[in-house]
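Peer 1: How does the following fold in three dimensions:
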Amino acid sequence: MVDLSDYSFADWMNFVFNHPVDPAHPWYMADCVLYDFDSAVMLQHLSTLFARPELAYLIYTPEQIDQGLSFIVSERGFIGILLDQDLPLRLRRDCIMQMATLLHLHQERYPALPGTLYWWQSAIRNCRYHYQRLYQNEEIIRYFLRILNRMLNRKTIPQQLRKALENGLQELKRTVENGLIMTQTSKKRTYTRQQMALFREVLDAELDGSGSGSTEQN
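Peer 2: All right, here's what the predicted structure looks like:
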């Protein structure tokens, strides 16, 4: 098992990106890939990558970066730490909002690469941490909705990026629907009026980014 807890940002980027590219058999799906990490360190590395993605392009090929980005949001990746409530909510929020910089740069430069087409969908679907699920965390849902709406509202947006955002919004809607289903089948789980209002906002969100806009107030 690889312990990433003490990895520098450069070492961590090597772990994520420095692999041969094999779309049919990505390196991170091998049974022998096991690792441990410190959530605070991992969140810092993710935020640095999202805010300054050009650092990766100085070292790795676009195909390696594309594969590594798919790993980050895969079921074997790191995206679940967004639900780690031991980490400050402000830092987790910033991490989500910084994803826009990374995705815009990568898809603008390399629109033919497939990795980011399902980035948002995978990030939302695989955002789970131990026994926590995304539909149980209203704040992280709110930030995902905010960034998706913000990017969809841009006047000019590449078709590949728009499709990726639409995939993400549809997955967020499914997540909310699953939360509502779980509420109906469980006597323990109930939602407040504020949470239900957020859920309705997600379900009513349009693929063009239009909506009530209330997510921008938080």
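
Peer 1: max-length helix in the chain?
Peer 2: helix 159-185 (DSSP state H).

Peer 1: Rounded mean pLDDT for it, please.
Peer 2: Averaging pLDDT along helix 159-185 yields 89.

Peer 1: Tell me the first helix or strand C-terminal of it.
Peer 2: If you walk from helix 159-185 toward the C-terminus, the next helix or strand you reach (DSSP states H and E) is helix 193-204.

Peer 1: Which strands or helices does that next one pack on?
Peer 2: helix 138-152, helix 159-185 (3 or more C-beta pairs under 8 Å, 6 or more residues apart in numbering; DSSP states H and E). Bear in mind the C-beta positions are built from the backbone N, C-alpha and C, glycine included.

Peer 1: Out of those helices, which is the most enclosed?
Peer 2: Burial of these is given as mean neighbour count (mean count of other C-beta atoms under 10 Å); helix 138-152 ranks first at a mean of 21.

Peer 1: Now do the same contact list for the spatially most central residue of the chain.
Peer 2: The residue lying closest to the centre of the chain (C-alpha atoms, centre = their mean) is Ala123, at 3.4 Å. Ala123 sits next to Val73, Ile79, Met99, Phe144, Gly168 when contact means C-beta atoms under 8 Å, 6 or more residues apart in numbering.

Peer 1: And Phe50, by the same measure?
Peer 2: Cys95, Gln98, Met99, Thr101, Leu102.

Peer 1: and what of Leu103?
Peer 2: Thr116, Trp119, Trp120, Met151, Leu161, Ala164.

Peer 1: how about CSV for these, with distance to Phe199 added?
Peer 2: Output for these, formatted as CSV (distance: C-beta to C-beta, whole Å):
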residue, distance to Phe199
Thr116, 27
Trp119, 23
Trp120, 18
Met151, 21
Leu161, 26
Ala164, 23
